[in-house]
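Peer 1: Dropping a prediction and its sequence here:
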There are 4 protein chains.
Amino acid sequence: MSEDQIKRKPGRPKGTGSIQTMQQILRTAAFLFMEQGFEKVSLESVAQACGVTKASVYYYFNNKSVLFTECLQFVLKMAYDQTSKIVSSTGSLKERMLVVAERHMNNAHVEFETMMREASSGLTEEQITSIRTSEQAIHELIGSVFQKAMDEGEIKRGDSMLLAHIFTAMLTVRNRKEIINNEKTVEQAAFEIVELLWAGLEPRS
Amino acid sequence: MSEDQIKRKPGRPKGTGSIQTMQQILRTAAFLFMEQGFEKVSLESVAQACGVTKASVYYYFNNKSVLFTECLQFVLKMAYDQTSKIVSSTGSLKERMLVVAERHMNNAHVEFETMMREASSGLTEEQITSIRTSEQAIHELIGSVFQKAMDEGEIKRGDSMLLAHIFTAMLTVRNRKEIINNEKTVEQAAFEIVELLWAGLEPRS
Amino acid sequence: MSEDQIKRKPGRPKGTGSIQTMQQILRTAAFLFMEQGFEKVSLESVAQACGVTKASVYYYFNNKSVLFTECLQFVLKMAYDQTSKIVSSTGSLKERMLVVAERHMNNAHVEFETMMREASSGLTEEQITSIRTSEQAIHELIGSVFQKAMDEGEIKRGDSMLLAHIFTAMLTVRNRKEIINNEKTVEQAAFEIVELLWAGLEPRS
Amino acid sequence: MSEDQIKRKPGRPKGTGSIQTMQQILRTAAFLFMEQGFEKVSLESVAQACGVTKASVYYYFNNKSVLFTECLQFVLKMAYDQTSKIVSSTGSLKERMLVVAERHMNNAHVEFETMMREASSGLTEEQITSIRTSEQAIHELIGSVFQKAMDEGEIKRGDSMLLAHIFTAMLTVRNRKEIINNEKTVEQAAFEIVELLWAGLEPRS
DNA sequence: AATGAATGAGTGTTCATTCAT
DNA sequence: AATGAATGAACACTCATTCAT
């Protein structure tokens, strides 16, 4: 998050201005987009939050759509890496998915599909598919993990990709203020969700 | 400049008067809001879609926030009524929830939480709570059905309200184009979701 | 002012709706125009203040300019009558002008000239001259009184019409909040103004 | 629809850049506000009068209230400086006040109080007091001059601040078209006003 | 006599985008 | 590398005005 602030190697930094500024714009904009969605974020507000001018943002990103696209890819890549690390660790599938759930539910953000729908009219076909691809990668990652577990008999057989989507969809209850914040912690909710997914509703005879 | 334009006189045109303009505006706007979210829908576009002028929209609704609020309440009431009818019909809980799932997934719309987040900055506290209340009513309806089933031993015990939220969250996979539209019909997806929710992932010994 | 409310003759009033409504619109609008000027007063606000609809206002007055014109003439006629009564009463000129000053300064209103300038672009030549004539009548009334006093040696000779304008102009200090409201009452201010006008600044040798 | 229109690209045009756009906007807007008042001046008209776009006006002034406030302060500062120079020159008080009168009456403008009343609903408390302060400064300047003259016996004793207000109020006869323009020059009127103020109406015995 | 419904023309304001430096 | 100046397009909202009933 603020890795670049704290850990400063001694000596004059190489590219003080250029790459650093671009990275900061990217990070800041990504945060704002995830928080407020496409339309509500103005390039002016991005610039201000970065302490630069609007024109500077344009210097690095040709237009709002480009910035948005790169932001999403940045965020999705981070999510992919994080998830990848978790699922490839040791432990039972259930245990690992619980960690995935906790992490996912702690990253506050606008729901993906909605943001895409909002933005899509301003994006080119290319941009849309490029984002979709990055997003799909995550689902495929999770899907493949489920598939492997099915093959090994760890869980029941079924449509692994659909399962992956259902799983991520379940995690969006994080956004319901009535559930989280009031009565349960995120960890509790994540735990109950995974338990439910594993056990099902049907009472054992 | 506009000398060559046909100068329409202001004021009410002679023979317009459809039956219920207000209802039509409400319905049209509701559809557009659900499809595109708060910001992207301009009152101009609402007016055009209804075949009236912007000023006419303002004649019936004081401002965009009011229109939005009434639209959402309109939609939520319909959803509540629909759901209410289904859950109070005969059949096992699982059967009834399948119907709920099918209906819900066929109503295309932006995810609720995201839309609210997007719009909330423009709404008054009152408007927000009024919408929230309407929305909560649906969850409580579903939650109460789950609770009753728990009490009667039809399903396992658990947090019925959390379950209600999880259930509706699961239905949002409808928005994922990779799943629906390509490989599965909505009905298939709904069926598999309900099956999964009931049976769980754990393989029977 | 509220003469029509208090003094109600017994029996069914003749023209309950028509003339009464028109009078009320006129009075209300006049008050609003004097208070806020031409542009700031919307016909909607006039209607609301009267408890009727905008269309009703249009029923009695063809358009805003007409309403404005009639309002001003109404107000100016009242001012004329009031002034006329005062100046034709007994007492020295100075005494009578003091009463005029007090009355004038107690009627809160936007300065005349400014209001006219604001409104004039929307008025026809006819309307403007008709208002100007009514206004001029007041000045001529006061001017004639001054002239007579000059002829009779009660005051120094001079341009009586200019003097009339100066006199009314002096009374506009009523609008300066720093003077009235804080340190002086309207009556005190009126007194000092008249004293000053009579005695002049020059110290007697 | 606009296919046949020449589609100007957005963004800064190639060779515009006059020297000081902001100053010109300020001056032009100040003139328009003084001439027509707050409501009647649209930012569009200001822009047009300057040969720039509305958006350019917004580039320099955040909103109409800000522009209005800065305009008034600009005008008031000029008036203060002008008056200050005159009153601190040599000559008798009467001579100097005659010059003040002439200058003031030659600057065509809407009456101050009225303009403030019209605009005040759109201004913040801060803006109002900031303007009021600037205006009060002028009256205090004139008041102090009168006070000094009283102390030195050059004129009769009295409320110097009230006198200052009366004096400026008298000068508003400049706005009465029936007086100026037709029969008298501004200089004549100014002369007669000052004469009257000094000598008073009372005939010497 | 009075009104509800509808409209065209504006007004203030925001924003993505461009260009010269 | 970064910015200040400028713009066209859109948007939320208001208002005077008209017409049918």
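Peer 2: Nice, I can see it.

Peer 1: residues contacting residue A:187?
Peer 2: Shown in contact with residue A:187 (CB atoms under 8 Å, 6 or more residues apart in numbering or on different chains): residue A:102. From N, CA and C alone the C-beta is placed, and that goes for glycine too.

Peer 1: Relative to residue A:176, how far out is it?
Peer 2: Relative to residue A:176, residue A:187 is positioned 16 Å away (CB to CB, to the nearest Å).

Peer 1: isn't residue A:54 right next to residue A:47, touching?
Peer 2: Yes. Counting by CB atoms under 8 Å, residue A:54 touches residue A:47, with 4.5 Å between them.

Peer 1: Tell me which of the two has more neighbours.
Peer 2: residue A:47 (19 against 14; other CB atoms under 10 Å in any protein chain shown).

Peer 1: Is the helix or strand in which the more buried one is found in proximity to chain D?
Peer 2: Assessed by DSSP states H and E, residue A:47 sits inside helix A:43-50. No. Figure legend: helix A:43-50 not in contact with chain D (CB under 8 Å from any CB of the partner chain); closest approach 12.0 Å.

Peer 1: Okay, buried residues for that helix please.
Peer 2: Judged by neighbour count using 16 or more other CB atoms under 10 Å in any protein chain shown, the buried positions of helix A:43-50 are A:43, A:46, A:47, A:50.

Peer 1: likewise stretch A:78-92?
Peer 2: A:79, A:80, A:82, A:83, A:86, A:87.

Peer 1: any chance of these in TSV, plus secondary structure and distance to residue C:191?
Peer 2: What follows is the buried residues of stretch A:78-92, written out as TSV (DSSP: H, G, I helix; E, B strand; the rest coil; distance: CB to CB, whole Å):
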residue	secondary structure	distance to residue C:191
A:79	helix	82
A:80	helix	86
A:82	helix	84
A:83	helix	87
A:86	helix	89
A:87	helix	93
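
Peer 1: Quickly name whichever of those residues is closest to residue D:158.
Peer 2: residue A:79 (80.9 Å; CB to CB).

Peer 1: so how far is stretch A:112-120 from its chain's centroid?
Peer 2: Centroid displacement of stretch A:112-120 relative to its chain, using CA atoms, centre = their mean, to the nearest Å, is 14 Å.

Peer 1: Also stretch A:156-173?
Peer 2: Worked out by CA atoms, centre = their mean, stretch A:156-173 lies 16 Å from the chain centre.

Peer 1: mind exporting it as PDB, just the C-alpha atoms?
Peer 2: Listed next in PDB are the C-alpha coordinates belonging to stretch A:156-173 (Å, rounded to 0.1, in the frame of the first residue of the first chain):
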ATOM      1  CA  LYS A 156     -18.600 -33.400  -5.200                       C
ATOM      2  CA  ARG A 157     -18.500 -33.300  -9.000                       C
ATOM      3  CA  GLY A 158     -20.200 -30.400 -10.700                       C
ATOM      4  CA  ASP A 159     -19.600 -27.400 -13.000                       C
ATOM      5  CA  SER A 160     -16.400 -26.100 -11.600                       C
ATOM      6  CA  MET A 161     -16.600 -22.700 -13.400                       C
ATOM      7  CA  LEU A 162     -20.100 -22.100 -12.300                       C
ATOM      8  CA  LEU A 163     -19.000 -23.000  -8.800                       C
ATOM      9  CA  ALA A 164     -16.200 -20.500  -9.000                       C
ATOM     10  CA  HIS A 165     -18.600 -17.700  -9.900                       C
ATOM     11  CA  ILE A 166     -21.100 -18.700  -7.200                       C
ATOM     12  CA  PHE A 167     -18.300 -18.700  -4.700                       C
ATOM     13  CA  THR A 168     -17.200 -15.100  -5.500                       C
ATOM     14  CA  ALA A 169     -20.800 -14.000  -5.700                       C
ATOM     15  CA  MET A 170     -21.400 -15.300  -2.200                       C
ATOM     16  CA  LEU A 171     -18.600 -13.100  -0.900                       C
ATOM     17  CA  THR A 172     -20.400 -10.000  -2.000                       C
ATOM     18  CA  VAL A 173     -22.500 -10.100   1.200                       C
END
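
Peer 1: Any buried residues in that stretch, and which?
Peer 2: Applying 16+ other CB under 10 Å to stretch A:156-173 flags A:156, A:158-173 as buried.

Peer 1: Lowest mean pLDDT among the helices and strands of chain A, which one is it?
Peer 2: The weakest-scoring helix or strand in chain A, judged by mean pLDDT, DSSP states H and E, is helix A:3-6 (a mean of 37).

Peer 1: which residues does the one residue in chain A that gets nearest to chain B contact?
Peer 2: Nearest to chain B, among the residues of chain A, is residue A:200, at 2.6 Å (CB to the nearest CB). Residue A:200 sits next to B:156, B:196, B:197, B:198, B:199, B:200, B:201, B:202 when contact means CB under 8 Å, 6+ apart.

Peer 1: Next, count neighbours for residue A:153.
Peer 2: Neighbours of residue A:153 using other CB under 10 Å come to 9.

Peer 1: Can you tell me which of the contacts of residue A:200 is closest to DNA strand F?
Peer 2: Relative to DNA strand F, the closest of the contacts of residue A:200 is residue B:197; by CB to the nearest atom of the strand it sits at 39.2 Å.

Peer 1: Run a quick neighbour tally on the closest one.
Peer 2: Residue B:197: 23 neighbours (other CB under 10 Å).

Peer 1: Show me what the longest helix anywhere in chain A is packed up against.
Peer 2: Longest helix of chain A, by residue count under DSSP state H: helix A:125-151. Here helix A:125-151 touches helix A:64-87, helix A:93-106, helix A:112-120, helix A:160-170, going by 3 or more CB pairs under 8 Å, 6 or more residues apart in numbering or on different chains; DSSP states H and E.
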